[in-house]
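Asks: For reference, the sequence and a predicted model appear below.
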Amino acid sequence: MRLKDCHGFSDFRELAKRRLPSPIFNYIDGAADDETTYERNTKSFEKCDLVPNVLRGTEDIDMSVNIMGQKLEMPIYCSPTAIQRVFHHEGENAVAAAADKYGTLFGVSSLGTASLAEIREQYKGPQCYQFYFHKDRELNQSMLESAKNANVDVMMLTVDTITGGNRERDLRTGFSIPFQLSLGGIFQFAIKPMWALNYLTHKKFALPQLDDFVDMSDGPISIGRYFTEMLDPKMNWDDVAKMVDYWDGEFCLKGIMSAEDAKKAVEIGCTGIVVSNHGGRQLDGSRSSFDQLSEIVDAVGDQIDVIMDSGIQRGSHVLKALSLGAKAVGGGRFYLYALAAAGQLGVERALELMKQEIERDMRLMGVSSISELSRNNLRFR
Ligand SMILES: Cc1cc2nc3c(=O)[nH]c(=O)nc-3n(C[C@H](O)[C@H](O)[C@H](O)COP(=O)(O)O)c2cc1C
C-alpha cells in the first residue's frame with residue numbers, strides 16, 4: 001500500500017498502521033477508558049442528514065471562512081497535536097508546510113517537537129499556539145512571551161486536561177516520550193526498520209517549548225505523567241482571565257463543552273472557543289462535540305467564534321458542523337495518520353482530498369459559499 005492508494009481517512013489510518021511501531025500507532029489511534037466517546041464522536045454525524053438543493057448553478061465555490069481575525073481558505077484546520085516528529089521525522093514542519101500550502105490554520109502544541117518561533121519564521125499562514133497551563137508560573141510566562149515575540153496569530157489554551165485521560169492502550173504498550181527502547185520497543189523497531197532508521201538518523205527528539213523546564217534526566221516520561229505532574233490542577237477562570245488580558249489579542253479556549261462555560265469565555269474576553277472532547281482522549285463518557293454544538297451556538301454563537309473538533313473524518317462531517325453553526329472545524333487524526341504515512345506529502349494529500357470532498361459536497365448541496373449553509377439543510381432522524 002502506497003500514498004497514492006489512500007483515498008480517505010481509513011486508508012491513511014491503514015497505511016500509518018503499517019508504517020509505525022505499534023505503540024506509536026496506538027498513541028495516535030487510542031483514546032480514554034473504553035473509548036466510547038471516541039467512537040461516538042464520528043457516529044454522531046449519522047444522527048442527521050443533509051438536505052440538498054439543486055439547480056443553483058454552483059460553478060464557483062468559495063469555501064473560505066474567517067475565524068478570530070484569520071482568513072482560512074478551507075473550513076477545516078490542523079488541530080494542534082503533540083510530538084509530531086515521533087510520527088514522522090518531518091514532524092511539525094511537514095504539517096505547517098502543508099497547512100500553509102492550503103491556506104489553513106495550523107497549531108503548534110506546547111508538546112511540539114519543533115520550535116514555535118522557527119515555525120512562525122518559516123510559514124506566514126495563520127498559526128495558533130496551543131498552550132498548556134503548567135504549575136510552574138515561570139514556564140507559563142516564558143511560553144506566553146515566546147508566543148508574543150513570535151507574532152503567533154491566535155493563542156489557544158487547552159482547558160480539558162486538568163488531569164491526564166486514562167489512555168489504557170498507552171499503559172499496555174508503555175508508550176513514553178522520547179520513545180523508549182524497552183525490550184518490546186526493540187522488537188517494534190526491528191519490525192518497522194524504515195521508521196526506526198528515519199527516527200534515528202534525523203534531528204534528535206526535543207520539546208523546544210519545554211526543554212529548559214522539563215527534567216528528563218530520570219528517563220522518559222509518559223504523556224499521562226506530564227499532564228498529572230506538570231499541569232496545574234488549580235487552574236481556574238481567574239487565571240485564564242489574567243492570561244487573556246496579558247495576551248491582548250485573539251484568544252481561544254479549546255475543550256469547552258457546556259453552554260455555561262461558553263458564556264464565561266465570552267465574559268472574560270475570549271474571541272473563540274473550540275467545542276472539543278480532545279478526540280475522546282480525556283473524559284470518556286463525555287458527550288460528543290457534534291451533539292453538543294447547537295446548544296453552544298445558540299448560547300454564544302453571536303458573540304464569539306464557535307469552532308468544533310473531534311470525530312471529523314469526511315467533508316460531509318464538516319458541512320454538517322458548519323450547517324449547525326460552527327464557524328470552522330478542526331481535525332487531529334485525519335492529518336496525523338497521513339503524516340505518519342508519508343510526511344508532508346501525506347498531509348498535503350489528506351488536505352487535498354478533504355478539500356475536494358468539501359467542494360464536491362458543496363456543489364451537490366447547491367451552495368457556493370459557506371455562508372449559504374444553515375440548519376435548513378439538516379434533518380435529524
Ligand atoms: C496523537 C494526538 C495528540 C494530541 N495532542 C494534543 C496536544 O498536544 N494539545 C491539544 O490541545 N490537543 C491535542 N490533541 C487533540 C487534538 O488537538 C484534537 O482536539 C483531536 O485530535 C480532535 O479529534 P480527532 O482526532 O477525532 O479529529 C491530540 C490528539 C491526538 C490524536
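Replies: Ah, there it is. Numbers count the residues shown, from 1 in each chain.

Asks: Kindly list the main-chain dihedrals of Arg379?
Replies: Backbone torsions for Arg379, taken as degrees, to the nearest 10, come to phi -130, psi 130.

Asks: Now do it against Ala321, distance only.
Replies: Distance of Arg379 to Ala321, computed by Cβ to Cβ, to the nearest Å: 15 Å. For the C-beta atoms, the positions are set from N, CA and C on the backbone; glycine is no exception.

Asks: Settle it for me: which of these two has more neighbours?
Replies: Neighbour totals were compared for Arg379 and Ala321, and Ala321 leads with 28 against 10 (other Cβ atoms under 10 Å).

Asks: where does the stretch 51-200 of the chain dip in pLDDT?
Replies: Along the stretch 51-200 of the chain, the model assigns pLDDT under 70 to residues 178-185.

Asks: Quick check: Ala341 is in a helix.
Replies: Yes. Under DSSP: H, G, I helix; E, B strand; the rest coil, Ala341 falls within a helix.

Asks: if I read this right, it contacts Phe9, doesn't it?
Replies: No. Ala341 sits out of contact with Phe9 when judged by Cβ atoms under 8 Å, with a separation of 11.4 Å.

Asks: Comparing these two, which shows the higher neighbour count?
Replies: The neighbour comparison of Ala341 against Phe9 (other Cβ under 10 Å) goes to Ala341, with 29 against 21.

Asks: per-residue confidence at the more buried one?
Replies: With respect to pLDDT, Ala341 has a value of 97.

Asks: Kindly report the same for the one 4 residues further on.
Replies: At Leu345, the pLDDT value in this model is 98.

Asks: Leaving out chain neighbours, which residue sits closest to it?
Replies: The shortest distance from Leu345 to any residue other than its chain neighbours is 6.2 Å, reached at Leu3 (Cβ to Cβ, 6 or more residues apart in numbering).

Asks: Next, the contact list for whatever residue of the chain ends up closest to the ligand, please.
Replies: Closest residue of the chain to the ligand, Cβ to the nearest ligand atom: Gly332 (2.0 Å). The neighbourhood of Gly332, defined by Cβ atoms under 8 Å, 6 or more residues apart in numbering, consists of Ser79, Thr81, Gly279, Asp309, Ser310.

Asks: picking that back up, for the residue nearest to Leu345, grab phi and psi.
Replies: Main-chain torsions, Leu3, degrees, to the nearest 10: phi -60, psi -40.

Asks: isn't it right up against Arg349?
Replies: Yes. Using Cβ under 8 Å, Leu3 is in contact with Arg349, at 6.1 Å.

Asks: What about the closest residue to Gln70 other than its chain neighbours, how many residues nearby?
Replies: Leaving aside its sequence neighbours, Gln70 sits nearest to Pro126 (Cβ to Cβ, 6+ apart; 3.9 Å). Using other Cβ under 10 Å, the number of residues around Pro126 comes to 24.

Asks: and what of Glu229?
Replies: Applying other Cβ under 10 Å, we find 13 other residues in the vicinity of Glu229.

Asks: one step back: what does the pLDDT read for the residue of the chain closest to the ligand?
Replies: Gly332 is assigned 98 on the pLDDT scale.

Asks: now Gly219
Replies: pLDDT, read off for Gly219, is 61.

Asks: right, and the secondary structure at the residue nearest in space to the middle of the chain would be what?
Replies: Closest to where the C-alpha atoms of the chain average out (Cα atoms, centre = their mean) is Ser79, at 2.2 Å. At Ser79 the chain is in strand, as set by three-state DSSP.

Asks: what's the answer for Asp49, then?
Replies: Classification of Asp49 using three-state DSSP returns strand.

Asks: what residues are up against it?
Replies: Counting by Cβ under 8 Å, 6+ apart, Asp49 makes contact with Leu378, Arg379, Arg381.

Asks: again with Gln209
Replies: Contacts of Gln209 (Cβ under 8 Å, 6+ apart): Val108, Ser109, Ser110, Leu111, Gly112, Ser115, Leu116, Met143, Ser146.

Asks: Check Leu50 too.
Replies: Applying Cβ under 8 Å, 6+ apart, we find Leu50 in contact with Ser316, Leu319, Lys320, Ser323, Asp361, Met365, Asn377, Leu378.
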